[in-house]
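J.: Sharing a sequence plus its predicted fold:
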Amino acid sequence: MRSHAMLGLTAMVSACVMIMGCAEAQRPAGPPPAPRPMATQEKPADDMELIREKVRADKKLLVSTNMGLTESEAQKFWPIYDRYQTGLDRLVDRQLEIIETFARNYKTMSDGVAKQLLDDYLALDDDRFALRQSYLPTFREVLSERKVARYYQIENKIQAIIDLDLAANIPLVD
């Protein structure tokens, strides 16, 4: 039960990161909103980075809770995990760029922009698969096949929940 709640929390926060990027891109053009008083003024980029750090920490806790690693396995696994997450972060950044481009062009989508968005989306999908494939031998060097399968299941479930949330919140192209 605890792992289900943590998975839900992690997915919701991750989805918020994605949606915030989309909402940021949907802001109407024109003058920025009036600045808040200096004491409470925050930079949106700083807010986003704080949320991303929270997501990373929650995700790591979720993985830790559900992997059942021995101390020896943990010493070998976590550095690989961190490198893998860095690769995933780059993919998330690209996904946010695609969502932002979609949001900016949603009401006036041309065939050219639609083509580019689809090409970028499919390339991102390919790169996500390639990243998973490229790390598989490395994870297999330090974990049993069952634990590698479990880790990939955890990653897959998180991504599936994020994808479901994005699908529910991003409208179809007109």
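T.: Cool, the structure landed.

J.: which stretches of the protein have low pLDDT?
T.: Scanning the chain for pLDDT under 70 picks out 1-45.

J.: Grab the most central residue of it for me.
T.: Val92 (4.6 Å; C-alpha atoms, centre = their mean).

J.: Give the next helix or strand downstream of the helix or strand hosting that one.
T.: In the assignment (DSSP states H and E), Val92 maps to helix 71-105. Going down the chain from helix 71-105, the next helix or strand is helix 111-142, by DSSP H and E.

J.: Just list what the helix or strand that that following helix is followed by packs against, helices and strands only.
T.: As assigned by DSSP H and E, the chain's next helix or strand after helix 111-142 is helix 145-169. The contact analysis (3 or more C-beta pairs under 8 Å, 6 or more residues apart in numbering; DSSP states H and E) places helix 145-169 against helix 2-25, helix 44-67, helix 111-142. No exception for glycine: its C-beta is placed from N, CA and C like everyone else's.

J.: in helix 145-169, what's buried?
T.: Neighbour-count burial for helix 145-169 flags 147-148, 150-151, 154-155, 158-159, 161-162, 165 (criterion: 16 or more other C-beta atoms under 10 Å).

J.: Please apply the same query to stretch 68-84.
T.: Here stretch 68-84 shows 69, 76-77, 80-81, 84 as buried, counting by 16+ other C-beta under 10 Å.

J.: Kindly report the same for stretch 53-65.
T.: 54-56, 58-59, 62-63.

J.: Run the chain-centre distance for it.
T.: Relative to its chain's centre, stretch 53-65 lies at 12 Å (C-alpha atoms, centre = their mean, to the nearest Å).

J.: Please export the C-alpha coordinates of it as PDB.
T.: C-alpha atoms of stretch 53-65 as PDB (Å, rounded to 0.1, in the frame of the first residue of the first chain):
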ATOM      1  CA  GLU A  53      14.400  18.400  -7.200                       C
ATOM      2  CA  LYS A  54      11.400  17.300  -5.200                       C
ATOM      3  CA  VAL A  55      10.400  14.900  -7.900                       C
ATOM      4  CA  ARG A  56      13.900  13.400  -8.100                       C
ATOM      5  CA  ALA A  57      14.000  12.900  -4.400                       C
ATOM      6  CA  ASP A  58      10.500  11.300  -4.300                       C
ATOM      7  CA  LYS A  59      11.400   9.100  -7.200                       C
ATOM      8  CA  LYS A  60      14.600   8.000  -5.600                       C
ATOM      9  CA  LEU A  61      12.800   7.200  -2.300                       C
ATOM     10  CA  LEU A  62      10.200   5.200  -4.300                       C
ATOM     11  CA  VAL A  63      12.900   3.200  -6.000                       C
ATOM     12  CA  SER A  64      14.800   2.600  -2.800                       C
ATOM     13  CA  THR A  65      11.600   1.500  -1.000                       C
END
